[in-house]
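*Asks:* quick one: sequence and predicted model below, then my questions.
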Amino acid sequence: MNQKVKVGIIGFGRMGGFYLEEMRKSDQWEVLYICDTDPEARDLARRKSPTSRIVADEQVVFEDPEVQVVGLFTLADSRLRQIKKAMAFGKHVISEKPVADTIEHEWEVVKCVENSSLFSTVNLYLRNSWYHNTIKEFIRRGEIGDLAIIRICHMTPGLAPGEGHEYEGPSFHDCGMHYVDISRWYAGCEYKTWHAQAIRMWNYPEPWWLQCHGTFENGVVFDITQGHVYGQLSKDQTHNSYIDVIGTKGIARMSHDFKTAVVELRGVNETHRIEKPYGGKNISTLCDLFADSVRTGVFNSRLPLMRDSAIASEYAWKFLDNARRNEMPSIGNLQTLEEIRERRRNMTEGYGLLRHVKLSHS
């Protein structure tokens, strides 16, 4: 029962590195393989995990009967093929989102995994955050009355156009689908109506800021604002990230600066202010829950499903499509965008490496 779960990591870019770090810190995982087609990524993997077998051919990982789980952290256009292969070789799957490169392929993934007895999950990391789980428990206890309004904002300097999002869609799809998912998680039902407005910052073809508001089938109202447009050339950069959950009797809210998250709970019986470390991508929680599921043979209900990812991805695309049907103005010029890219290239010594490994493709 205490035996470590054996995993093969496929794709050793930025996210693959995060998973390796958390799995090596845990007493639940043994990283048998790290696979990447990029020689520099493999060299880095050898330094980071000298006990793992470092390979360029993913087939070696899939064919090894010792491997119980594959972690798929390559680009989205590889995932449908790799998830099908995992099911065929009897491997459980942890995947990054989106689970494929098109909506049609994502639903093909959902059909594939739901027709299998093998376990699969996807990194919708907000569901594993301490702050969202604290707020949801407060709502469950009836402290805010009936849930009525969900307001989410996530505006940061973030990745500029051309730095990696293109493989997984514009900013609102690649990043914003997390907020589409967590809104649905709070509401507990499906989206019903929506209206979106976007802007093409710096004359870039795709929108890099979008706001969408609408309703869920149970009448709960939402608005989501997301964009990596928040003062890229400011002397001192900042962020504006929060959730505001409003009920018929009370409220719950959270804000963070990527270092510290502050939750304020103002209910009919209780008032709390909780300040704790933000927690990043919460990969350790995802990995712990999944390892426990594999060892016990009982899938933990807290784990996000491939279906959850497909729904979030589909609605993120629907909101983007709706924005395109409305006036989508262009403000700024490409010269400013080049200045932003140049500043970001020189912000940290390691940025060039981070950019390289994010785009590493197995």
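*Replies:* Here it is on my side, so go on. What you see is a predicted model; the values in this text were computed from it and never measured. Numbers count the residues shown, from 1 in each chain.

*Asks:* where do the helices sit along the stretch 101-250 of the chain?
*Replies:* 103-114, 130-140, 171-174, 177-187 (DSSP state H, counting those that start in this stretch).

*Asks:* tell me the mean pLDDT over the shortest one?
*Replies:* Put plainly, it is helix 171-174. Averaged over helix 171-174, pLDDT sits at 93.

*Asks:* three-state assignment of the residue in the chain sticking out farthest from the centre?
*Replies:* Most distant residue from the mean C-alpha position of the chain: residue 269, 34.1 Å away (CA atoms, centre = their mean). Going by DSSP: H, G, I helix; E, B strand; the rest coil, the secondary structure assigned to residue 269 is coil.

*Asks:* for the one 10 residues further on, same thing?
*Replies:* Three-state secondary structure (criterion: three-state DSSP) places residue 279 in coil.

*Asks:* roughly how far does it sit from residue 239?
*Replies:* 15 Å (CB to CB, to the nearest Å). Every residue, glycine included, has its C-beta placed from N, CA and C.

*Asks:* let me know how buried residue 318 is, in neighbour terms.
*Replies:* 16 (other CB atoms under 10 Å).

*Asks:* can you name the residues bridging to the residue nearest to it when sequence neighbours are not counted?
*Replies:* Closest residue to residue 318 apart from its sequence neighbours, by CB to CB, 6 or more residues apart in numbering: residue 194 at 7.1 Å. According to DSSP bridges, the residues that bridge with residue 194 are residue 214.

*Asks:* buried set for stretch 98-112?
*Replies:* 98, 99, 100, 101, 105, 106, 107, 108, 109, 110, 112 (16 or more other CB atoms under 10 Å).

*Asks:* can you pull the pLDDT of the first one?
*Replies:* As summarised for this prediction, residue 98 has a pLDDT of 94.

*Asks:* next up, phi/psi of it, please.
*Replies:* phi -70, psi 160 (degrees, to the nearest 10).

*Asks:* show me where the stretch 251-362 of the chain has its helices.
*Replies:* 283-296, 306-325, 334-345, 351-358.

*Asks:* deepest of the ones you listed, which one?
*Replies:* Mean neighbours per residue, mean count of other CB atoms under 10 Å, is largest over the helices of the stretch 251-362 of the chain for helix 306-325, with a mean of 20.

*Asks:* save the helices of the stretch 101-250 of the chain as a markdown table, and put in distance to residue 244 too.
*Replies:* Converted to a markdown table, those look like this (distance: least, CB to CB, whole Å):
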| stretch | distance to residue 244 |
| --- | --- |
| helix 103-114 | 30 |
| helix 130-140 | 10 |
| helix 171-174 | 19 |
| helix 177-187 | 11 |
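
*Asks:* least confident of those helices, on average?
*Replies:* Taking the mean pLDDT of those, helix 171-174 comes last: a mean of 93.

*Asks:* tell me the spacing between the residue nearest to residue 318 and residue 246.
*Replies:* Applying CB to CB to residue 194 and residue 246 gives a distance of 19 Å.

*Asks:* buried residues in stretch 81-93, which are they?
*Replies:* For stretch 81-93, by 16+ other CB under 10 Å, it's 82, 83, 85, 86, 87, 89, 91, 92, 93.

*Asks:* surely the last one meets residue 123?
*Replies:* I take that to be residue 93. No - the criterion here is CB atoms under 8 Å, and residue 93 misses it with residue 123 at 11.4 Å.

*Asks:* point out where the protein drops to low pLDDT.
*Replies:* 1-2, 164-167, 348-362 (pLDDT under 70).

*Asks:* which residue is the nearest non-sequential neighbour of the residue nearest the centre of it?
*Replies:* Nearest residue to the geometric centre of the chain (CA atoms, centre = their mean): residue 124, 4.5 Å. Among residues not flanking residue 124 along the chain, residue 304 sits closest, at 4.1 Å (CB to CB, 6+ apart).

*Asks:* what about the one you found, how many neighbours?
*Replies:* The number of residues near residue 304, taken as other CB under 10 Å, comes to 23.

*Asks:* again, but for residue 42
*Replies:* Applying other CB under 10 Å, I find that residue 42 has 17 neighbouring residues.

*Asks:* and whichever strand or helix holds it, what other elements does it pack with?
*Replies:* Following DSSP states H and E, one finds residue 42 within helix 39-48. Here helix 39-48 touches helix 14-25, strand 53-55, helix 351-358, going by 3 or more CB pairs under 8 Å, 6 or more residues apart in numbering; DSSP states H and E.

*Asks:* CA atoms only: put it into PDB for me.
*Replies:* Only the C-alpha atoms of helix 39-48 are listed here, as PDB (Å, rounded to 0.1, in the frame of the first residue of the first chain):
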ATOM      1  CA  PRO A  39      18.900  17.400 -26.300                       C
ATOM      2  CA  GLU A  40      19.200  20.400 -24.000                       C
ATOM      3  CA  ALA A  41      16.100  19.400 -22.100                       C
ATOM      4  CA  ARG A  42      17.500  15.900 -21.700                       C
ATOM      5  CA  ASP A  43      20.800  17.300 -20.400                       C
ATOM      6  CA  LEU A  44      18.900  19.400 -17.900                       C
ATOM      7  CA  ALA A  45      16.800  16.300 -16.900                       C
ATOM      8  CA  ARG A  46      20.000  14.300 -16.200                       C
ATOM      9  CA  ARG A  47      21.200  17.000 -13.900                       C
ATOM     10  CA  LYS A  48      17.900  17.400 -12.100                       C
END
